[in-house]
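>>> I would like to see how this sequence folds:
(one chain, ligands or ions: 1)
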Amino acid sequence: MSKHQYSLISLTRSRFFQKHPTSYRGSISCLSENLNNTNEVTAKVIYSIAPAVGHNKEAHPECSSRVPAIVTALEKVELTPKFRGSEIIQLQNFRTATPEDIASVHSRSYIFGLEKVMQAMERASEQGIIHIDGSGPTYATSTTFQESLVAAGAGLSLVDSVVEASKISENPPVGFALIRPPGHHAVPKGPMGFCIFGNVAIAARYAQRVHGLRRVFIIDFDVHHGNGTNDAFYDDPDVFFLSTHQDGSYPGTGKIDNIGCGNGEGATLNLPLAGGSGDIAMRTVFDQVIVPSAQRFKPDIILVSAGYDGHVLDPLANFQLTTGTYYMLASSIKQLAKELCGGRCVFFLEGGYNLESLSNSVAESFRAFIGEPSMAGQLDNLGFLYDEPSFKVNQAIQRIKHIHSL
Ligand SMILES: [Zn+2]
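Take a look at the predicted model:
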């Protein structure tokens, strides 16, 4: 380890410890606790919370009220451990990702460059915010680096819990990392599109390295293309990346003929769908594209970039998904994981910027995981909806089936 690396790690840990002593302590003990926690075997959902309260910019859609809004909504509709006993559990103590974990996806120059950002933040403490990427824009505060490590770690610990539970149960809980900053736009060399570290990509590498789960299937149903995850595994045959996204939306990548390269050719599936696509489109895509892709790939674990900005009420894009669509996706992905990989499945929060539709959609996902009926009939106002562009959607589906021989 170089002197430079050591100084970054020790700086990070000491600062983080001052702010989050409980979480840091948990990072040491969590794995052994997980192994002994029988609740995690019988639970149907296990979730972790990393709200990044210090990573905030006023009037920015990716703001610090997102995760608390979800947590408050889950409490309100009684989908928390307080109301559900061992059916739904919150992972209280989780590890913080280390710079080494992050370096499995991101370049060291980027990770250590963030140390300089932190120092710059201290110098600019009166302002408190800097823009680190013009598109979006992506911002950083003095806590961004530490809180991004916490967010990534909250996902890694869920991978631990779910994998350990799957060794002794055919029905392990589904993991859900309620974390931010989101990750799927962050490219190996830097931040992008509100994202700092690629949480789902880091978890994929972790599942391979620590748990020996070689084949990872990543489903990204955020309305935007997960370009960062796409780039991290573009030439990798062992990580299948499947993204549905609105055609022409940010960041403009993820064309239908971008299918991976080298040994990874065919292990990337990008399906841009026309604006206005909604519940019918997503159900068809699930049955005709996602299921056969996963069946053929035969994953050891399924990870999900769960963005809820495809909801019809979301301000950042123009899909017409509903809370009912997200119930279907959660239920179907859970079933797919049960059929293909011992139920090993972890969701990672990505986008979703209307706090009410975001919260309702996550709650619907929880209901799907525990096998309760959907409440979408009461939550969704179908009067908002207009006809889906079914001709264009079906054209895209036929084309992707041809390209990928599905
Ligand atoms: Zn998004």
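
>>> Would you state the strands of the stretch 51-200 of the chain in chain order?
88-90, 130-133, 138-140, 174-179 (DSSP state E, counting those that start in this stretch).

>>> Direction included, what does the second one pair up with?
For strand 130-133, the pairing partners within the sheet under DSSP bridges are strand 138-140 (antiparallel).

>>> Packing partners of the one helix or strand residue 363 maps to?
According to DSSP states H and E, residue 363 maps onto helix 355-370. If you count contacts as 3 or more CB pairs under 8 Å, 6 or more residues apart in numbering; DSSP states H and E, helix 355-370 packs onto strand 45-50, helix 66-76, strand 174-179, helix 323-341, helix 376-379. Backbone N, C-alpha and C define where each C-beta goes, glycine included.

>>> just checking, what packs against the fourth one?
Other elements packing on helix 323-341 under the criterion 3+ CB pairs under 8 Å, 6+ apart are strand 174-179, strand 216-220, helix 279-285, helix 291-297, strand 301-306, strand 345-349, helix 355-370, helix 376-379.

>>> Please repeat the previous calculation with a cut-off of 7 Å.
Under the contact criterion of 3 or more CB pairs under 7 Å, 6 or more residues apart in numbering; DSSP states H and E, helix 323-341 touches helix 279-285, helix 291-297, strand 301-306, strand 345-349, helix 355-370, helix 376-379.

>>> The first one too?
When contacts are defined as 3+ CB pairs under 7 Å, 6+ apart, strand 45-50 sits against strand 88-90, helix 144-166, strand 174-179, helix 355-370.

>>> and the helices and strands packed on helix 355-370, which is most packed in?
Neighbour counts averaged per stretch over the helices and strands packed on helix 355-370 are highest for strand 174-179, at a mean of 28; criterion: mean count of other CB atoms under 10 Å.

>>> pLDDT of that strand, averaged?
Strand 174-179 shows a mean pLDDT of 98.

>>> For it, which strands pair with it and how are they oriented?
Counting by DSSP bridges, strand 174-179 is paired with strand 45-50 (parallel), strand 345-349 (parallel).

>>> would you turn the ones you listed into CSV with distance to residue 204 and mean pLDDT?
Putting the strands paired with strand 174-179 into CSV (distance: least, CB to CB, whole Å; pLDDT from 0 to 100) gives the following:
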stretch, distance to residue 204, mean pLDDT
strand 45-50, 17, 98
strand 345-349, 10, 99
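
>>> And those strands: which comes nearest the ion?
strand 345-349 (10.7 Å; CB to the ion).

>>> How far off centre is that closest one?
5 Å (CA atoms, centre = their mean, to the nearest Å).

>>> How about that strand and the ion, any contact?
No. Strand 345-349 lies apart from the ion when judged by CB under 5 Å from the ion; the minimum separation is 10.7 Å.

>>> Contacts only, for the residue nearest to residue 352 when sequence neighbours are not counted.
The shortest distance from residue 352 to any non-neighbouring residue, by CB to CB, 6 or more residues apart in numbering, is to residue 308 (3.2 Å). Contacts of residue 308 were listed using CB atoms under 7 Å, 6 or more residues apart in numbering, and they are 326, 351-352, 357-358, 361-362.

>>> highest average neighbour count across the helices and strands packed on helix 323-341?
strand 345-349 (a mean of 30).

>>> what comes into contact with that strand?
155, 158-159, 162, 174-180, 182-183, 199-200, 203, 302-306, 333-334, 337, 365.

>>> same thing but at 8 Å, please
67, 70, 155, 158-159, 162, 174-180, 182-183, 199-200, 203, 301-307, 330, 333-334, 337, 362, 365 (CB atoms under 8 Å, 6 or more residues apart in numbering).

>>> Close to the ion: what parts of the stretch 251-400 of the chain are there?
307, 309, 351.

>>> As JSON lines, the helices and strands packed on strand 45-50 with distance to residue 106 would be great.
Putting these into JSON lines (distance: least, CB to CB, whole Å) gives the following:
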{"stretch": "strand 88-90", "distance to residue 106": "28"}
{"stretch": "helix 144-166", "distance to residue 106": "10"}
{"stretch": "strand 174-179", "distance to residue 106": "17"}
{"stretch": "helix 355-370", "distance to residue 106": "26"}
